[in-house]
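**Q** Sequence first, predicted model second:
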Amino acid sequence: MSYKRLRTPIWIVVLTLLLLALGACTAVAPAAPAPAAEAPAEAAAEAPAGDAPTVALIYGVRGDGFYVTMEAGARAKAEELGVELIADGPAQFDPVLQVPILDAIIAQQPDAICIAATERTALIEPMRRAHDAGIHMFSVDTYIGDTSGDYNVEDLNWMFSYIGSDNVEGGEIGCSAIIDAMGGSGKFYISTTQPGVSTVDQRVEGCQNAIEATNGAVELVGLDYNNNNSSRAAEQTAAVLASHPDLGGIFGTNLFSARGAAQAVANAGLTGAVRVANFDAPEDAIQALREEVVDIVIAQLPYEMGQVCVDYAVAAINGDLDAIQRRYPTGYTIITRDNVDTTEAQQAIYKSE
Ligand code: T6T
């Protein structure tokens, strides 16, 4: 066998081996771990190895567009950060119904809880139980205690943060707008839910500030508690409209209060004669705005509240305390007939499911 005759098969063998080696490399590549850039950066940085952390959201009441929207924000953030989210709330806005839900969640031992306490005092001890069980605690929407959500005080400094609107400011915005629409004087009525709920109490306070600023030109003729029930709010408002036919303005301090108040004004044929400030922004409030039954819709930012609370919960779980503000005011989108069709206003409307 001559050397020349042998050379061709050797090169074929060498080439074949090279091609096989290359082929093997190409076949292995897709099975390698996905590049870090393909995973959400925050999830890669913050989710601990092993089991995903669990965050619980306990809202004020089921089926309220405000909390439906908050849960959507919390879910979106939880998915982004690779966190498991459990969410629950009572059938009525009532601490007696909410505390057993909190206790059931504590028994599931989540890493953190975001809770909209339905009463500022009744929830303190139950929430402290959660903290004592090693759970990172956050207030979202409402706060507990007497210090306007300032958790730097000694007996509440185990709370990480209060995320929610500046509700005194919200009440002032709504009532000042209606007082202006009334020409600066006249009779005023407030429909609110229950005493002891931090949010609506502060909205009433803000509204009273706006009335007091008129130096007696505006008279508050009544304030009713409707127990977060729009039918009750409608009945109470109808009674006030009957006893004060010259009523000029109404403040409904939350979704259900404002819904009932607006219905009563429309039913009494007083659209435009009685001006209404509508706290919260479900679809029907926007419809009432278009129909001139209400004059201003004060939209909170519940989606952002849910997002920030989950974000903060994960920061606390990871020990990144510098990332957490003790108080996170979420702000408002104020909707009137002038801006209702803008993108910002449309995006602020609450989700219903
Ligand atoms: O206004 C919101 C919330 O901020 C308040 O604490 C309770 O009522 C709502 O959920 C609206 O129904």
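**A** Noted; the coordinates are in hand.
**Q** Tell me if residue 278 really is in a strand.
**A** Yes - with DSSP: H, G, I helix; E, B strand; the rest coil as the criterion, residue 278 is part of a strand.
**Q** correct me, but it touches residue 298?
**A** Yes - at 7.0 Å, residue 278 and residue 298 qualify as touching, with contact defined as C-beta atoms under 8 Å. Where you see a C-beta, it was placed from the backbone N, CA and C, and this is true even at glycine.
**Q** out of the two, which sits in the busier spot?
**A** Higher neighbour count among residue 278 and residue 298: residue 278, with 32 against 29, using other C-beta atoms under 10 Å.
**Q** now the more buried one: how far from residue 312?
**A** 30 Å (C-beta to C-beta, to the nearest Å).
**Q** do residue 78 as well
**A** With distances taken as C-beta to C-beta, residue 78 is found 12 Å from residue 312.
**Q** same deal with residue 68?
**A** Here the distance between residue 68 and residue 312 works out to 21 Å (C-beta to C-beta).
**Q** Can you check the pLDDT for the closest residue to residue 147 other than its chain neighbours?
**A** Nearest residue to residue 147 in three dimensions, chain neighbours excluded: residue 153, at 5.2 Å (C-beta to C-beta, 6 or more residues apart in numbering). Model confidence at residue 153, given as pLDDT, is 88.
**Q** I figured residue 153 was touching residue 145, is that so?
**A** Yes - under the criterion of C-beta under 8 Å, residue 153 is in contact with residue 145, at a separation of 7.2 Å.
**Q** Looking only at neighbour counts, state which of these two leads.
**A** Counting neighbours by other C-beta under 10 Å for residue 153 and for residue 145 shows that residue 145 has the greater number, 20 against 11.
**Q** Over to the residue lying closest to that one once chain neighbours are set aside: give its phi and psi.
**A** Distance criterion C-beta to C-beta, 6+ apart; nearest residue to residue 145, sequence neighbours excluded, is residue 156 at 5.1 Å. The phi and psi torsions at residue 156 (degrees, to the nearest 10) take the values phi -130, psi 10.
**Q** circling back to that earlier point, so for residue 68 and residue 312, which sits in the more crowded spot?
**A** In this comparison of residue 68 against residue 312, neighbours counted by other C-beta under 10 Å, the higher total goes to residue 312 at 26 against 18.
**Q** Surely the more buried one and residue 162 touch.
**A** No - under the criterion of C-beta under 8 Å, residue 312 is not in contact with residue 162, lying 10.4 Å apart.
**Q** okay, and the common contacts of the two?
**A** In the contact map built from C-beta atoms under 8 Å, 6 or more residues apart in numbering, the residues linked to both residue 312 and residue 162 are 138, 328.
**Q** How is the chain partitioned into domains?
**A** The record, using automatic domain parsing to delimit domains, assigns the chain the ranges 51-166+301-330, 168-299.
**Q** I'd like these as JSON lines, with distance to residue 336 appended.
**A** Putting those into JSON lines (distance: least, C-beta to C-beta, whole Å) gives the following:
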{"stretch": "domain 51-166+301-330", "distance to residue 336": "17"}
{"stretch": "domain 168-299", "distance to residue 336": "6"}
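**Q** Distance to the ligand added to these, as CSV?
**A** Supplementary listing: those in CSV, determined by distance: least, C-beta to the nearest ligand atom, whole Å:
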stretch, distance to the ligand
domain 51-166+301-330, 4
domain 168-299, 3
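**Q** Which one, of those domains, ends up nearest to residue 341?
**A** Comparing the domains of the chain by their distance to residue 341 (C-beta to C-beta), the top pick is domain 168-299, with 9.6 Å.
**Q** What's the end-to-end length of the closest one?
**A** End-to-end distance for domain 168-299: 14 Å, by C-alpha to C-alpha, to the nearest Å.
**Q** One more: stretch 161-174?
**A** 26 Å.
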